[in-house]
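1. sequence and predicted model, in that order:
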Amino acid sequence: MALILGSTSPYRRELLERLGLVFSVAAPQCDEEALKDPTLAPQALAEHLALAKAQSLAGAHPGAVIIGADQVCEHQGRILGKPGSRAAACAQLALLAGGTHRLVTALAVMQDAVVLRHTEVAVLHMRPLDAAMIGRYVDRDQPFDCAGSYKLERGGIALFHAIETADHSAITGLPLLALVRFLTHLGQTLP
C-alpha cells in the first residue's frame, strides 16, 4: 500500500520517519493561502486545510493512503503565522511571553472514500521573557518557518514552564499517536 505524506514540511517528514515506514512526499496541489477563510475559527481552519491538502492529492494517487496535516498557532483568538524574519519572530515571542497560547494540529488521512480525521490541541504556557532572552533564542534556533516562532524539539523547550497535550509530536506538526491508530485501521503494518 502506497503511503504519501502530503506536505513540504521537513518537520513532518522527520516525524513520519520515526515510524520506520516507507513513504513518499508530495506537495499538496492546493493554494493554501486562498483556502484560508478568515471567518473560520482557528481549529476549523486547521481542519479545513489538513483535509484540503489530502484531497488535493487523492485523484493522482488512487488507492494510496494520503496524509494531510495543518497547524495553527492561536493567541487570544488571533492566528499567528510563520514569522519569516528575525524581527517578526522576536515580535511574536514578545507577544506570547508570560502567557498562554494554543497550537491546533489537524490530521486528515485518506484512502479513496475513507477519510479519518483528528485534531490535537496543545495549550502552551510560556515563561516571562525579556528582549535579550528572546534575541538569544531566535539567534540560536532561527524559528522563522514556525508559527509561534519556536522549535520545541530544539532549544525552544526552555521558553516554556508547562505544556498540556496528549501527544507531544503534534506540537511539531504531525500527531503520531492518532496517525498510528489510523494507519493500523487501514491495514498498514507498523514496526
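-> Yep, that arrived.

2. ok, for Thr184, nearest residue in space, not its chain neighbours?
-> The shortest distance from Thr184 to any non-neighbouring residue, by CB to CB, 6 or more residues apart in numbering, is to Leu190 (6.3 Å). Glycine gets a C-beta too; all of them are placed from N, C-alpha and C.

3. you'd agree the one you found is up against Val180?
-> Yes - counting by CB atoms under 8 Å, Leu190 does reach Val180; the two are 6.2 Å apart.

4. higher neighbour count, those two?
-> Val180 (14 against 10; other CB atoms under 10 Å).

5. circling back: tell me the secondary structure for the residue nearest to Thr184?
-> What DSSP: H, G, I helix; E, B strand; the rest coil gives for Leu190 is coil.

6. how about it, what does it touch?
-> Listed by CB atoms under 8 Å, 6 or more residues apart in numbering, the contact set of Leu190 reads Leu19, Gly20, Leu21, Val180, Leu183, Thr184.

7. Ala26 too?
-> Ile4, Leu5, Gly6, Leu57, Ala60, His61.

8. switch the cut-off to 7 Å
-> Going by CB atoms under 7 Å, 6 or more residues apart in numbering, Ala26 touches Ile4, Gly6, Leu57.

9. just Pro42 next, same as before
-> Val72, Glu74, Ile79, Val104.

10. okay, those in a markdown table with pLDDT, neighbour count and distance to Leu93 next?
-> As requested, the contacts of Pro42 are exported to a markdown table (pLDDT from 0 to 100; neighbours: other CB atoms under 10 Å; distance: CB to CB, whole Å):
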| residue | pLDDT | neighbour count | distance to Leu93 |
| --- | --- | --- | --- |
| Val72 | 95 | 25 | 17 |
| Glu74 | 97 | 20 | 15 |
| Ile79 | 94 | 17 | 16 |
| Val104 | 97 | 22 | 19 |
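
11. can you tell me which two in those are farthest apart?
-> By the measure CB to CB, Ile79 and Val104 form the most distant pair in the contacts of Pro42, at 9.3 Å.

12. so for these two, which residues contact both of them?
-> Pro42, Val72.

13. before we move on, the earlier item: list buried residues within the contacts of Leu190.
-> Leu19, Leu21, Leu183 (16 or more other CB atoms under 10 Å).

14. pLDDT score for the residue nearest to the first one when sequence neighbours are not counted?
-> Nearest residue to Leu19 in three dimensions, chain neighbours excluded: Leu190, at 6.4 Å (CB to CB, 6+ apart). Confidence per residue is given as pLDDT, and for Leu190 that number is 88.

15. from Gly77, how far out is Leu190?
-> Taking CB to CB, to the nearest Å as the measure, Leu190 falls 38 Å from Gly77.

16. and His48, by the same measure?
-> Taking CB to CB, one finds His48 at 17 Å from Gly77.

17. may I have stretch 161-173 exported as PDB, CA atoms only?
-> Written as PDB, here are the backbone C-alpha positions of stretch 161-173 (Å, rounded to 0.1, in the frame of the first residue of the first chain):
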ATOM      1  CA  HIS A 161       7.100  26.200  32.000                       C
ATOM      2  CA  ALA A 162       4.200  23.900  31.100                       C
ATOM      3  CA  ILE A 163       2.700  22.200  28.100                       C
ATOM      4  CA  GLU A 164      -0.700  20.400  28.100                       C
ATOM      5  CA  THR A 165      -1.200  17.900  25.300                       C
ATOM      6  CA  ALA A 166      -2.000  14.200  24.900                       C
ATOM      7  CA  ASP A 167       0.500  13.900  22.000                       C
ATOM      8  CA  HIS A 168       3.700  15.900  22.000                       C
ATOM      9  CA  SER A 169       4.500  15.000  18.400                       C
ATOM     10  CA  ALA A 170       1.600  17.100  17.400                       C
ATOM     11  CA  ILE A 171       3.400  20.200  18.500                       C
ATOM     12  CA  THR A 172       6.000  19.700  15.800                       C
ATOM     13  CA  GLY A 173       3.300  19.300  13.200                       C
END
